[in-house]
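A.B. asks: 3D, please:
(2 chains)
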Amino acid sequence: MKNNFDQYTAISDQNSPTEEGTDFEVSISGLTKCFGDILAVNHMSLDVPAGCIFGLLGPNGAGKSTTIRLLCTLLTPTEGTALVGGYDIIESPVSVREITGVLPEEGNHTLYQTMSVYENLEYFARLYGVAEGEIPQRIEELLSFMSLWERKDDRAGELSTGNRQRLALCRALLHRPRVLLLDEPTSALDPVAAKRVRELILRLAREYNQTFFINSHNLPEVQRMCDRIAIINDGNILMTGTTAELRAKLHAKQIFRLRTSEDVARVSSIVESMAFIEYVRSDVDSLILTIENPQENNSILLQTLLSQNIKIIELAEEETTLEDLYLEVIKGGVDK
Amino acid sequence: MTLRKSMIVARADLRMALQVSYVKYGLIGMSALGPIMILVIVSFVAFGTTSAVEALALLSLLSPTISPVLGVISIIPASLIAANALVGEKEQNTIEALLCTPLTDSELLIGKVLSSFIPSMALLLGTIAVTEVGSIVIFLSAGLPFSVNFLVPDVAGLFLLLSAGPTMILAISSVMILISGRVARVYEAYQVSGVSIMVFILPIIVPLLVMQSGGIPDANLVWLSDIATLLIASVLMTITWILAIGRFNRDRLVSLV
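C.D. replies: Prediction:
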């Protein structure tokens, strides 16, 4: 059984139509999509460098899936455009589709249920123009990697949800695309399979310079895997950058953990009334706070709590997680 | 645009359709109706007449009705298969994956047309062959001499079936694919296909109308009506294909998912 990608070569190594001087594999400018009166994506602009794993985060209905559907030319923008691998999604949709691999939303439902695992991949390999002689080797390589080779003759409809998701991922990777547009790639996967997929994505990006544009709700996963992140809500990009850059944008509003001897709810009601505290959430026996100008305001906070006879056990700065950033940005606590 | 990619789509669709036994045997059964019906009539002509002259006279009266019957039966499978073409992909949730491949609109639509054209043509040719061979065997069994005049369908009918037949199959496939891309459910497409068949059989039954208005048909009139059918079918095919390709809308297909 083959289980390696030694022969793997992304299209990007073979052919690079991206204009000289532009290192962005995905470049979105003013992209807008309306469905009637509903503005799904609102003048989105962002750039994704080659070999980057880019994460698009946002709540349900934020416009994440519409963005991917626009980038893979399933939908036509109402305004603006995007370049994928240097190809314009409006002017050269076929070229865009040739160099992109797509895992649609609920990818595990997008397979031909009556075709076998092998036939599903064989069909798409031919549609993507993979050379006839290479098809068996590529299918074996991917199915082996995803631990599906033993199931190659089973109908796709007979597979578990997780296995169908793996098969859908195999389909997206089959033609070795330069850009992968993945909508919730690890949803429906068990932790072990999800870890394998994350490792695969990291490997393909680092070793083969493939670019990933990933929609996800899984914040720890995005934090672990993505080089750059954008947070989207109501079709608007609220914030974009590396995790470190996003943290830096929150610098003026550092996050602290406050642990006291008192009931968390009582302390919460006191601190929420303070003007310089913008964001409060409880975490087991403590409160997570965003404090503006902590050098000045921490002493005021402490004095206020002491005056209420609240015994403070700890007030320490917290490592900002992506979840904190995300929740705060979605609540509108940070400027773009 | 390459026909190779269209053929990939057509082959996959055909393989999937033929995996379902009731589709496979349903199509064969439906197409068998025409030859069975005609061979029963031929048997009456062969064994119910007393001489070759009498049999030929009766046959010349019936001939203009035979090819339209086979033609009508041949467009029904085409309309049913094509009705499922795009809306079937939508119902299976495979449409997005398919539209993400580098297929152009034309390649995809030609593939879908071929997936209904190929089996429909196979069934049409099969029914013609079975009817011709069957009727020759029946006439010979009845002691009648083998002659071109005893061909069922006759030469004019063969011309109609082999020229207007494929053209009408392409026309109805195109219109059904257009409809298939604009409805949300397969059953809606089947309902519309029923109505479409009623409209598309009209050109094919033109020769039949000629015969009824003139009693014993004039051979020239039969040929003229066959050519008229071919012309109408060609115009219909051109219009429906232009409509199918012009009205194909990926946004709409995806939005209906």
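
A.B. asks: which stretches of the chain form helices?
C.D. replies: If you meant another chain, say so; for now it's chain A. The residue ranges that make up the helices of chain A, judged by DSSP state H, are A:11-14, A:64-71, A:93-99, A:117-127, A:135-145, A:161-173, A:191-208, A:219-225, A:243-249, A:264-272, A:294-307, A:322-330.

A.B. asks: meant chain B actually
C.D. replies: Ranges of helices within chain B are B:3-19, B:21-48, B:52-83, B:85-91, B:95-99, B:105-141, B:155-159, B:165-180, B:186-204, B:206-214, B:219-246, B:250-255, based on DSSP H.

A.B. asks: by contact count, what packs against the second one?
C.D. replies: For helix B:21-48, the contact count by 3 or more CB pairs under 8 Å, 6 or more residues apart in numbering or on different chains; DSSP states H and E identifies helix B:3-19, helix B:52-83, helix B:105-141 as packing neighbours. (Glycine included, C-beta is placed from N, CA and C.)

A.B. asks: quick check: angle from that helix to helix B:52-83?
C.D. replies: For the pair helix B:21-48 and helix B:52-83, the angle between their directions (axes from the mean of the first three to the mean of the last three CA atoms, to 10 degrees) equals 170 degrees.

A.B. asks: what residues of helix B:21-48 count as buried?
C.D. replies: Of the residues in helix B:21-48, B:23, B:27, B:31-32, B:34-35, B:38-39, B:41-43, B:45-46 count as buried by neighbour count, 16 or more other CB atoms under 10 Å in any protein chain shown.

A.B. asks: just to revisit the earlier point, return the member of the helices of chain B having the minimum mean pLDDT.
C.D. replies: Mean pLDDT is lowest for helix B:206-214 among the helices of chain B, at a mean of 63.

A.B. asks: residue B:236: neighbouring residues, count only.
C.D. replies: The criterion is other CB atoms under 10 Å in any protein chain shown. On that basis, residue B:236 has 21 neighbouring residues.

A.B. asks: what about it, distance to chain A?
C.D. replies: Distance of residue B:236 to chain A, given as CB to the nearest CB, to the nearest Å: 30 Å.

A.B. asks: quick one: contacts for the residue nearest to that residue when sequence neighbours are not counted?
C.D. replies: The shortest distance from residue B:236 to any residue other than its chain neighbours is 4.2 Å, reached at residue B:171 (CB to CB, 6 or more residues apart in numbering or on different chains). Taking CB atoms under 8 Å, 6 or more residues apart in numbering or on different chains as the contact definition, residue B:171 lies against B:200, B:233, B:236, B:237, B:240, B:241.

A.B. asks: what do you get if the cut-off is 10 Å, keeping everything else the same?
C.D. replies: Taking CB atoms under 10 Å, 6 or more residues apart in numbering or on different chains as the definition of contact, the neighbours of residue B:171 are B:75, B:78, B:164, B:196, B:200, B:203, B:232-241.

A.B. asks: just to revisit the earlier point, quick one: which of the helices and strands packed on helix B:21-48 is nearest residue B:179?
C.D. replies: Taking CB to CB as the criterion, helix B:52-83 is the member of the helices and strands packed on helix B:21-48 that comes nearest to residue B:179, at 6.9 Å.

A.B. asks: on contacts alone, who are the packing partners of the closest one?
C.D. replies: Secondary structure elements in contact with helix B:52-83, counted by 3 or more CB pairs under 10 Å, 6 or more residues apart in numbering or on different chains; DSSP states H and E, are helix B:3-19, helix B:21-48, helix B:105-141, helix B:155-159, helix B:165-180, helix B:186-204, helix B:206-214, helix B:219-246.

A.B. asks: out of the ones you listed, which one sits most buried?
C.D. replies: helix B:165-180 (a mean of 27; mean count of other CB atoms under 10 Å in any protein chain shown).

A.B. asks: gap between that one and the chain center?
C.D. replies: Using CA atoms, centre = their mean, to the nearest Å, we find the averaged C-alpha position of helix B:165-180 to lie 9 Å away from the chain's own average C-alpha position.

A.B. asks: so what's the closest residue to chain B within the stretch 201-336 of chain A scoring on pLDDT?
C.D. replies: Residue nearest to chain B within the stretch 201-336 of chain A (CB to the nearest CB): residue A:213, separated by 13.4 Å. Among the per-residue scores, residue A:213 shows a pLDDT of 96.

A.B. asks: same deal with residue A:14?
C.D. replies: Per-residue confidence at residue A:14 stands at 48 (pLDDT).

A.B. asks: please apply the same query to the one 10 residues further on.
C.D. replies: Residue A:24 carries a pLDDT value of 90.

A.B. asks: what residues are bridge-paired with it?
C.D. replies: With DSSP bridges applied, residue A:24 shows beta-bridge pairing to residue A:49.

A.B. asks: I'd say it and residue A:47 touch.
C.D. replies: Yes: between residue A:24 and residue A:47 there is a contact under CB atoms under 10 Å: 4.3 Å.

A.B. asks: what residues are shared contacts of these two?
C.D. replies: With contacts taken as CB under 10 Å, 6+ apart, the residues that reach both residue A:24 and residue A:47 are residue A:83.

A.B. asks: give me the neighbour count for residue A:329.
C.D. replies: Taking other CB under 10 Å as the criterion, the count of residues near residue A:329 is 22.

A.B. asks: ugh, wrong one, residue A:126
C.D. replies: Using other CB under 10 Å as the criterion, residue A:126 is surrounded by 20 other residues.

A.B. asks: which residues touch the nearest residue to it once chain neighbours are set aside?
C.D. replies: Nearest non-adjacent residue to residue A:126, counting by CB to CB, 6+ apart: residue B:8, 4.7 Å away. By CB under 10 Å, 6+ apart, the residues touching residue B:8 are A:122, A:123, A:124, A:125, A:126, A:127, A:129, B:2, B:101, B:103, B:107, B:111.

A.B. asks: please name the nearest non-neighbouring residue to the third one.
C.D. replies: This means residue A:124. Beyond its immediate neighbours in the sequence, the residue positioned closest to residue A:124 (CB to CB, 6+ apart) is residue A:171, lying 5.1 Å away.

A.B. asks: residues near the one you found, how many?
C.D. replies: 25.

A.B. asks: could you check the pLDDT of it?
C.D. replies: On the pLDDT scale, residue A:171 gets 96.

A.B. asks: residues in contact with it?
C.D. replies: Contact analysis of residue A:171 by CB under 10 Å, 6+ apart lists A:101-103, A:107, A:110-111, A:120-121, A:123-125, A:128, A:142, B:97, B:100-101.

A.B. asks: could you do residue A:35 as well?
C.D. replies: Neighbouring residues of residue A:35 by CB under 10 Å, 6+ apart: A:66, A:75, A:78, B:251, B:255.

A.B. asks: before we move on, back to that, JSON lines for the helices of chain A, including distance to residue A:235?
C.D. replies: Formatted as JSON lines, the entries for the helices of chain A read as follows, by distance: least, CB to CB, whole Å:
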{"stretch": "helix A:11-14", "distance to residue A:235": "30"}
{"stretch": "helix A:64-71", "distance to residue A:235": "8"}
{"stretch": "helix A:93-99", "distance to residue A:235": "21"}
{"stretch": "helix A:117-127", "distance to residue A:235": "31"}
{"stretch": "helix A:135-145", "distance to residue A:235": "35"}
{"stretch": "helix A:161-173", "distance to residue A:235": "25"}
{"stretch": "helix A:191-208", "distance to residue A:235": "26"}
{"stretch": "helix A:219-225", "distance to residue A:235": "20"}
{"stretch": "helix A:243-249", "distance to residue A:235": "20"}
{"stretch": "helix A:264-272", "distance to residue A:235": "30"}
{"stretch": "helix A:294-307", "distance to residue A:235": "34"}
{"stretch": "helix A:322-330", "distance to residue A:235": "13"}
